[in-house]
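**Student:** model this:
(one chain, ligands or ions: 1)
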Amino acid sequence: VSEVNRQWLLKRRPEGNLSEADFEYKEADMPSGGLKAGEIKVRNVGFLCAPTMRNWMDPPSKNLYPSIPLGQPIMAPAAARVVASASEGIAVGDRVLGLSTWQDYAVIPGGGMRRPTLIPEGISFLEGIGRYGLNPMTAYFGLLDVGAAQSGETLVVSGAAGSTGSTAAQIGKVKGMTVIGIAGSKSKCDWLTEQCGIDGAIDYKSENVEKRLSELCPKGINVFYDNVGGEILQAAINNMAPRGRIVLCGQISSYDNDESAEGPRNMMRLVYGSIRMQGFLCGNYADRFDEATTQLKSWTESGQINYREDLRVGFENLPNSFRSLFDGSNIGTLLVQIDDSATETT
Ligand SMILES: NC(=O)c1ccc[n+]([C@@H]2O[C@H](COP(=O)([O-])OP(=O)(O)OC[C@H]3O[C@@H](n4cnc5c(N)ncnc54)[C@H](OP(=O)(O)O)[C@@H]3O)[C@@H](O)[C@H]2O)c1
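**Tutor:** Coordinates of the predicted model:
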């Protein structure tokens, strides 16, 4: 356990692609003082690198997402051990998942999107933020609730070899769908078809996505689970079946640059096809997290869902690890462990 409170701060607003110079390392004093009602103080154990954190580095705007203040630690989903609590239902020693910050010790407010939840007993810190964490749960609710996925339908997933996408694609198989994945390399496509049982995969870096979708989905796409946006969203819209559903999970193609994602050009296709396009946040389903964890655990243990984790170790590696999300060099759920207790399950 560290003697000082190590921190990674947002040094400046990134322009274009993130660079090392956007972050500043600092060794600060331990956070002291009392807690306000609802707050907890935690020792962070591991962090999930979530692509949307790149959006939070932008200046405040009307985009409905938070903006990390300059000079403050980077906000990030974490698994942590409670060291002080002014929150009802959370005690010192409890293990929690919450929206924390890149430092050893942090105060997490009690309400809103930063509301912490307990890690179920038997699940380690790493499993809590990884295997059974935010991304698989996002896939579960996004595909089944927002996408209203049905057996026999055709599902297309973008970002399909990633953490959220690979779970969505495999839940589609569990539910009896024909599943096509879109990913950024031949080896990622091979993993999807050979290890995960996905019916077909498109390498968007070397193939014409729109043309390949029309070949692989001859009856059209019933559910498009989109992690990427931009041109890939456009290619899918042009191949949607009537009464199809587009699940807007993320828009990663536009996070790490200064441009907003280009909107779809032919919305009349949605009008005439009675096609629904809907955004959502995993946090909307917080009261059903236990259901998702139980279901995901059972599918994983029975071998129906493959899981790949890209675990990096060391607080010093946080900024560079995070940047991997945007060049596709992460292979699976990208976690950074900063404390030796990461595999403890109680
Ligand atoms: N709505 C929610 O509540 C919620 C919750 C969690 C995650 N999400 C969203 O889900 C998506 C996936 O997140 P994740 O955490 O699971 O990460 P991930 O898919 O494990 O990793 C990110 C992947 O995105 C792909 N990518 C990066 N830049 C790209 C670009 N310009 N065009 C196309 N693909 C690109 C890369 O794979 P390739 O090699 O295939 O390019 C990269 O490996 C993100 O959009 C994220 O914001 C949403």
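**Student:** just give me the neighbour total for the residue of the stretch 1-150 of the chain found nearest the ligand.
**Tutor:** Across the stretch 1-150 of the chain, no residue is closer to the ligand than residue 138, which sits at 3.8 Å (C-beta to the nearest ligand atom). C-beta: built from backbone N, CA, C; applies to glycine. Each residue near residue 138 was counted by other C-beta atoms under 10 Å, and the total is 27.
**Student:** grab the nearest non-local neighbour of it.
**Tutor:** Nearest residue to residue 138, sequence neighbours excluded (C-beta to C-beta, 6 or more residues apart in numbering): residue 282, at 4.0 Å.
**Student:** worst mean pLDDT across the helices and strands of this structure, which element?
**Tutor:** Among the helical and strand segments of the chain, the one scoring lowest on mean pLDDT, DSSP states H and E is strand 117-118, with a mean of 92.
**Student:** state the next helix or strand along the chain beyond that one.
**Tutor:** Per DSSP states H and E, the first helix or strand lying C-terminal to strand 117-118 is helix 125-129.
**Student:** check the offset of the helix or strand following that next one from the chain's centre.
**Tutor:** Remark: after helix 125-129, the chain's next helix or strand is helix 134-141, criterion DSSP H and E. Mean-position distance between helix 134-141 and its chain equals 8 Å (C-alpha atoms, centre = their mean, to the nearest Å).
**Student:** related to what we said a few turns ago, tell me the backbone dihedrals of the residue nearest to residue 138, please.
**Tutor:** Main-chain torsions, residue 282, degrees, to the nearest 10: phi -50, psi -40.
**Student:** and stretch 240-256, end to end?
**Tutor:** In stretch 240-256, first residue to last residue: 28 Å (C-alpha to C-alpha, to the nearest Å).
**Student:** tell me, what residue is most central in this structure?
**Tutor:** In the chain, the C-alpha nearest the mean C-alpha coordinate belongs to residue 135, at 4.4 Å (C-alpha atoms, centre = their mean).
**Student:** quick one: name the residues of the stretch 201-346 of the chain near the ligand.
**Tutor:** Contact residues (C-beta under 6 Å from any ligand atom) of the stretch 201-346 of the chain with the ligand: 227-228, 249-250, 252-253, 280-282, 325-326, 328, 330.
**Student:** much appreciated, bye for now.
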